[in-house]
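S.K.: just coords:
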């Protein structure tokens, strides 16, 4: 079975403020607009996913929810491994179960530089 894996960094987020947790930083209005445009372009390019898997951090979750809305309610789940510092090797057993059970194309919503490192490792064997 063939699976496509798409990786998306969250949209532009608020700057870290005093007393605000990094995990609670939300998307800016500009960030929301950018995500909606990208989601629409992907839809127009016939990108379809069975699941959007997102980091639990607010800015990534908001990004995933905007994609979900633009794509007509595609299923959305959180994965702690997609948070900053998340470990690809800790996530691979989930991917293996996904491919063996449900399967289908996936969109991962996370953070830089982590997603870039994941892409490098998946393609080249190391970041």
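M.R.: Thanks, I have it. Values in this document were obtained by computation on a predicted structure and should not be read as measured data.
S.K.: looking only at pLDDT, what's the mean for stretch 105-115?
M.R.: Mean pLDDT, stretch 105-115: 97.
S.K.: Contacts for it, please.
M.R.: Stretch 105-115 has contacts (C-beta atoms under 8 Å, 6 or more residues apart in numbering) with 3-10, 47-55, 57, 60, 63-64, 67, 74, 79, 82-86, 98, 118. To be clear about C-beta, it is placed using only N, CA and C from the backbone, and glycine gets the same treatment.
S.K.: What is the end-to-end distance of stretch 69-85?
M.R.: By C-alpha to C-alpha, to the nearest Å, the extent of stretch 69-85 from end to end equals 28 Å.
S.K.: List the buried residues of it.
M.R.: Using 16 or more other C-beta atoms under 10 Å as the burial criterion, the residues of stretch 69-85 that qualify are 70-71, 74, 76, 78-79, 81-83.
S.K.: likewise stretch 49-68?
M.R.: 49, 51-55, 57-68.
S.K.: For the residue nearest to the spatial centre of the chain, give the beta-bridge partners.
M.R.: Central residue of the chain (C-alpha atoms, centre = their mean): residue 109, 0.7 Å from the mean position. Residue 109 forms beta bridges with residue 8, residue 54, as assigned by DSSP bridges.
S.K.: any idea how far residue 77 is from it?
M.R.: Look at residue 109 and residue 77: by C-beta to C-beta, to the nearest Å, they are 11 Å apart.
S.K.: next one: residue 39
M.R.: Going from residue 39 to residue 77 by C-beta to C-beta gives 17 Å.
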